[in-house]
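Asks: take a look and give me a structure for this.
(2 chains)
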Amino acid sequence: MAVARQLRQNPRELAMQVINALSGNELIARAEVAGPGFINIFLNDDMLAAKASACLSDPGALIVPSQHPQTIVVDYSSPNLAKEMHVGHLRGTIIGDSIVRILEALGHCVLRQNHVGDWGTQFGMLIAHMNSLSSDNRAFSNNLADLEGFYRAAKQRFDAEPGFADQARAYVVKLQQGDADCLTAWQRFIEESLQHCEEVYNLLSVGLKRNDLRAESFYNKDLPTIVHDLFDKGLLTESDGAQCVFLDEFKGKDGSPLPVIIQKSDGGYLYASTDLAAIRYRSDNLGADRVLYVVDARQSLHFQQVFAVARAAGFVRENCKLEHIAYGTMMGEDGKPFKTRSGDIVKLRELLAEAVSRAQYLVTEKNPDLSDSEKALIASTVGIASVKYSDLSKNRTSDYVFDWSSMLSFEGNTAPYLLYAYARIQSVLRRLEEESIFPGDHIQLQQSEERSLAVKILQFAELVQLLGEDCYPNQLCLYLYELSGLFMKFYEGCPILKSEGQVRTSRLALAKLTAATLKNGLNLLGIEPLQRM
RNA sequence: GCACCCGUAGCUCAGCUGGAUAGAGUACCUGACUACGAAUCAGGUGGUCGCAUGUUCGAAUCAUGCCGGGUGCGCCA
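Replies: This is a model prediction of the structure:
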């Protein structure tokens, strides 16, 4: 209808012309004009059935690889190693991981980058606190087991003891100058903190490995060069003793020019400097066609600035796209940034443990006959999948309300719904396998439930392609929920066990294809399906 | 002050490159287990899509203004 207006034609007449042009297309059974000029296209059932059948023998056909594979750098998770990971790290970590899985499935060369915060002022404070304890090695190790408490203790002293604060600042300088003792202490702390992260990554099945670490300290050696090159390009301006880049498009308070501070007045560097070094590394050394920053939306101004400076300075190749994949802030139930009643932050480990224990309770209730080991496997899968799904299923740009009950819910549009659909299919397949009845090679679509289900399955490839561009995993969640819903309707309306002959093998095949699609989609979310639950 | 994001059912959220009667989940009310697995299914109650104006054959969606909330704006990351 939009085209009709441009062409100044009657929309219904134009629709007729389109329909005539479509005639002969074997995919289309019939097409008709509706309302002011809508075209309703009815797909040919035989072609649908043939396409679905073709996927049976080649499950890889469910996802169509990109015709233009790219090298894509994805910067995600990137926790600050000074503290333990908390619920605020959940989004970036699992959204990033899902995006990585989707891009890899599309055949892109994906380079994960875990840009952990391991450098800067707060590490001076931590080293100072460490060194005051390190005379007693055991006490030190015990202290570090609770990273959060360790940080809090150090911070308390930093704020309360002037001598300690001076010591901390001195340690930062020594560290950045490469002092051996400082480096040893620092490395010990980093190692401890990384093990905490890896524990969480393992629990979440997040694919970040040591190889993917590219910490802030990694770019330390490049920072003087960044300053030097910006100076050479004439982009650098001294302002109040700091080295800054001023760009016309950014204005601060009262319309005053807003700087990107590259080097502090005391000679120290900031995160903008590190990010610039990282951009150059990703563009030139990693050869990225696209760099995705999966980072909290509150940093969008920062990234706009850094991207603009990188462009202006030529730190990034023309054909390398830089994108901030922003996600919303986590809020409390009061609509304010999230804190527990006591003002603490919920640790990620605690949240996941709670989820697993609730799932354990439920699985024991639902399926008391399962072995303990199987119950434990189901509980950990269901519990953690629920936490991931409740987060992934929300539009990433929206602010995020943290709520125990919705995050740990197992009913409705939740991970268990999808897992349950999958487990049901496996159950039917097992049953018939015992009678030596196997899915057929050909799917026939006779009832509306079969048809709707097949259409949905065939839309999967297109969706994944779109996800590779937009990076909204919640659309995948919605798809899988609808797919499961259509399967449930099919399951109710089209009995498999009680049918016979070709109808039975066709339905069984359709169920199997549904399972394959579900498994594929769940994998893209970072969720492993269960054979039974 | 400026910029970005957000206001959709009691609650949590989809839908936003304009399209047909605005959708889920949850909560609440009915109904369905001698079972292809009830972590399910079928049905019902529940909406001035923040307000207003505009563009359009047509607006939750686009534009402008207003109201309300969040976030960010020079040496933290």
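Asks: use CA for all of it now, contacts and neighbours both
Replies: Will do.
Asks: just confirm A:Gln167 contacts A:Leu126, I think it does.
Replies: No: in this structure A:Gln167 lies outside contact range of A:Leu126 using Cα atoms under 8 Å: 10.6 Å.
Asks: where's A:Arg169, which helix or strand?
Replies: For A:Arg169, the enclosing helix or strand under DSSP states H and E is helix A:162-177.
Asks: any regions of chain A where pLDDT drops low?
Replies: The model of chain A has pLDDT under 70 over residues A:134-143, A:332-337, A:339-343.
Asks: returning to what we had before: A:Gln167 and A:Leu126: which is more packed in?
Replies: When neighbours are counted by other Cα atoms under 10 Å, A:Leu126 comes out ahead of the other of A:Gln167 and A:Leu126, with 25 against 17.
Asks: buried ones in the helix or strand hosting A:Glu198, by neighbour count?
Replies: In the assignment (DSSP H and E), A:Glu198 maps to helix A:180-204. When neighbours are counted by 16 or more other Cα atoms under 10 Å, the buried residues of helix A:180-204 are found to be A:182-183, A:185-186, A:189-190, A:193-194, A:196-198, A:200-201, A:203-204.
Asks: and what of stretch A:436-452?
Replies: Neighbour counts over stretch A:436-452 (16+ other Cα under 10 Å) mark A:Phe438, A:Pro439, A:Gly440, A:Asp441, A:His442, A:Ile443, A:Gln444, A:Leu445, A:Glu449, A:Glu450, A:Arg451, A:Ser452 as buried.
Asks: ok, the fourth one - contacts?
Replies: It refers to A:Asp441. A:Asp441 makes contact with A:Ser53, A:Leu56, A:Ser57, A:Ser506, A:Ala509, according to Cα atoms under 8 Å, 6 or more residues apart in numbering.
Asks: show me what residue of the stretch 51-200 of chain A gets nearest to RNA strand B.
Replies: A:Gly120 (4.5 Å; Cα to the nearest atom of the strand).
Asks: backbone phi and psi for that residue, please?
Replies: Dihedral angles phi and psi of A:Gly120 (degrees, to the nearest 10) take the values phi 120, psi -180.
Asks: I figured it hits A:Val172, correct?
Replies: Yes: with contact defined as Cα under 8 Å, A:Gly120 reaches A:Val172; the gap is 6.8 Å.
Asks: these two: who's more crowded?
Replies: The residue with more neighbours, out of A:Gly120 and A:Val172, is A:Val172; 24 against 20, by other Cα under 10 Å.
Asks: excluding chain neighbours, what is closest to the residue in the stretch 1-150 of chain A positioned nearest to RNA strand B?
Replies: Nearest residue of the stretch 1-150 of chain A to RNA strand B (Cα to the nearest atom of the strand) works out as A:Met1 at 4.1 Å. In space, and not counting its chain neighbours, A:Met1 is closest to A:Pro11: 5.5 Å by Cα to Cα, 6 or more residues apart in numbering.
Asks: the one you found: neighbouring residues, count only.
Replies: Number of residues near A:Pro11 (other Cα under 10 Å) recorded here: 20.
Asks: go on, the one 5 residues further on?
Replies: Here the neighbour count serves as a burial measure; for A:Met16 (other Cα under 10 Å) it reads 16.
Asks: go ahead and confirm A:Gln360 touches A:Ala376.
Replies: Yes: using Cα under 8 Å as the test, A:Gln360 is close enough to A:Ala376 to be in contact (6.7 Å).
Asks: how about the strands in the stretch 251-400 of chain A?
Replies: A:257-263, A:290-296, A:321-327, A:330-331, A:400-401 (DSSP state E, counting those that start in this stretch).
Asks: cool, the stretch 51-200 of chain A as well?
Replies: A:71-75, A:109-113.
Asks: tell me the most buried of those strands?
Replies: Greatest average neighbour count among those goes to strand A:71-75 (a mean of 24), per mean count of other Cα atoms under 10 Å.
Asks: any idea how far that strand is from the middle of the chain?
Replies: On the basis of Cα atoms, centre = their mean, to the nearest Å, strand A:71-75 sits 13 Å off its chain's mean C-alpha point.
Asks: so what touches that strand?
Replies: Contacts with strand A:71-75, where a contact means Cα under 8 Å, 6+ apart, come from A:96, A:100, A:108-115, A:282, A:287-294.
Asks: in CSV, list the C-alpha atoms belonging to that strand.
Replies: Written as CSV, here are the backbone C-alpha positions of strand A:71-75 (Å, rounded to 0.1, in the frame of the first residue of the first chain):
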residue,chain,number,x,y,z
THR,A,71,35.4,-11.5,11.7
ILE,A,72,33.4,-10.3,14.6
VAL,A,73,34.8,-9.2,18.0
VAL,A,74,32.4,-9.5,20.9
ASP,A,75,33.4,-7.7,24.1
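Asks: paired strands for that strand, with orientation please.
Replies: In its sheet, strand A:71-75 lies beside strand A:109-113 (parallel), strand A:290-296 (parallel), with partners assigned from DSSP bridges.
Asks: okay if I get the ones you listed as a markdown table plus distance to RNA strand B?
Replies: Output for these, formatted as a markdown table (distance: least, Cα to the nearest atom of the strand, whole Å):
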| stretch | distance to RNA strand B |
| --- | --- |
| strand A:109-113 | 15 |
| strand A:290-296 | 9 |
